[in-house]
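> structure for the following, please:
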Amino acid sequence: MSSPDHSLPSAAQAALRDFLKLHASPPRLGEGLPDGATPLLKNLWYSWNRRHLSFQWLLQRRCRRLRPRMQGLLEWALTECYLLSGLAPHDCVNLAVQHARDQWGSQEAGFANGVLRGLLREAPPAPGALERLLEKAPDAPRWGLPEELCRRWKSARGKEWTALQAELLQRPAPVTARRRGSLADLPFPLEFQDTLRLFQTAQGDTPTDLFYLQDPSTMLAPALMDPRPGESLADLCAAPGGKSVALAERMDGRGRLLCADSAPPRMARLQENLKGFPFALLEVRDATRPGLPPESLDGLLLDVPCSNTGVLRRRPDVRQNFSLAHLRELVALQAQILEACAPLVRKGGRLVYSTCSIEREENHAQVARFLGAHPEYTLEREEQLLPGEEHDGAYAARLRKA
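Numbers count the residues shown, from 1 in each chain. Next up is the predicted model:
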């Protein structure tokens, strides 16, 4: 066993400690990393999320039982060795072994040393090394996808599509930005394809007071809403506010825009994003019990809670939360929100239903179910975006009330 190297970079040691804290108590989905998280920790955390299921399979082949603390330590080392380049592989191993010895004793340090050095001998870190380690793995861990999601994608879209999509989702998503206020310059009616030219790749010094950091797919639902000045509109699942900002920009300060969300902690972000639009009203409201007068809105946007399978590239932590049971719960919640909000739209008005999912149950099938129960609504237009190089996945449908 290598002797501990106390000269290892302090930044790597701090990142290891912070990673293990997150591994033991991960942030809730949608919360993001804690304030003050360093760029190193963010890169480490999201890189690990993309390959956690692959690392889990590799370790299960070698270790019948692993305590969660050891699992986290070994997966940290594998992330550093095979996905990042800031620390030499032998330094990764030495730091992991040193941590195990300091925290849990020599026996567990020896165990960590043996497992890691065995993997590094089998596939020394280099381009393609991790893929060689995973050659005999089943599709799901080889591609870094949850088993249930991998199975349903292969059934619905085929193995080749799933493999290509999984490869895309392993690459970090580009950070894109849109200049604040730029939507106001586009003609009516608003078309999604026209919004794409407003986006550019964000640089590290992109000023957020001038630019809004978001993926182009977030413009799909506002484009289908096609808001006009003077209208009475509402976005009842508004946080963090990207779609609300788009609606506000198109309204040109005229009309009424209610932006609501049921999670008080998320309202601060919503308020920050909408601070330039004093006509927008921000409220804490539950979309399953909106408490608004019937037929009081020209347009209603419902960007409902969903499985987020369209944004796995940008939010790799979603992989840890996908299950068919959770999908069924979300579908039931979406239906509940639609039922509660359907009466709020006045005759001739429109309801735009949207998700960042690519699952049929949450999208086309959900809308079809709603239309079957509400003959007063008709489907005017719907669009499903699949994740690609230029944007995340998203779905939106515009329903017109007769």
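> CA atoms for contacts and neighbours, from now on please.
Will do.
> quick one: list the elements packing against the helix or strand hosting Arg69.
Taking DSSP states H and E as the criterion, Arg69 maps to helix 68-82. Counting contacts by 3 or more Cα pairs under 8 Å, 6 or more residues apart in numbering; DSSP states H and E, helix 68-82 is packed against helix 10-24, helix 39-62, helix 89-104, helix 106-122.
> Tyr212 is nearest to which of those helices?
Comparison of the helices and strands packed on helix 68-82 against Tyr212 by Cα to Cα identifies helix 39-62 as nearest, at 19.6 Å.
> output the helices and strands packed on helix 68-82 in JSON lines; the columns should cover distance to Leu186, mean neighbour count and mean pLDDT.
Rendered in JSON lines, the data for the helices and strands packed on helix 68-82 read as follows (distance: least, Cα to Cα, whole Å; neighbours: other Cα atoms under 10 Å; pLDDT from 0 to 100):
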{"stretch": "helix 10-24", "distance to Leu186": "43", "mean neighbour count": "16", "mean pLDDT": "92"}
{"stretch": "helix 39-62", "distance to Leu186": "35", "mean neighbour count": "19", "mean pLDDT": "94"}
{"stretch": "helix 89-104", "distance to Leu186": "51", "mean neighbour count": "20", "mean pLDDT": "95"}
{"stretch": "helix 106-122", "distance to Leu186": "54", "mean neighbour count": "16", "mean pLDDT": "96"}
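> on that earlier part again, can you give me how far the helix holding Arg69 is from the chain middle?
Its chain's C-alpha centre and that of helix 68-82 lie 23 Å apart, by Cα atoms, centre = their mean, to the nearest Å.
> go on, stretch 183-195?
Here stretch 183-195 is found 25 Å from its chain centre; the criterion is Cα atoms, centre = their mean.
> got it, and stretch 251-270?
Counting by Cα atoms, centre = their mean, stretch 251-270 comes out at 21 Å from the chain centroid.
> nearest the middle, which residue of this protein would you pick?
Centroid-nearest residue in the chain: Arg315, 3.2 Å away (criterion: Cα atoms, centre = their mean).
> against Asp252, how distant is the closest residue to that one other than its chain neighbours?
When the adjacent residues along the chain are set aside, Arg315 lies closest to Tyr46, with 7.8 Å between them (Cα to Cα, 6 or more residues apart in numbering). Plainly put, Tyr46 is 38 Å away from Asp252 if you go by Cα to Cα, to the nearest Å.
> same question, Gly372
Counting by Cα to Cα, the gap between Gly372 and Asp252 amounts to 36 Å.
> more neighbours, those two?
Asp252 (16 against 11; other Cα atoms under 10 Å).
> quickly note the distance from the nearest residue to Arg51 once chain neighbours are set aside to Leu53.
Nearest-residue entry for Arg51: Gly144, 5.4 Å, with adjacent residues in sequence omitted and distances by Cα to Cα, 6+ apart. Distance, Gly144 to Leu53, by Cα to Cα: 5 Å.
> sorry, back to before: was I right to think the residue nearest to Arg315 contacts Arg319?
No - with contact taken as Cα atoms under 8 Å, Tyr46 and Arg319 are classed as non-touching, separated by 10.9 Å.
> which residues of the stretch 101-250 of the chain fall in strands?
Under the criterion DSSP state E, counting those that start in this stretch, the stretch 101-250 of the chain contains strands at 176-179, 199-201, 211-213, 232-235.
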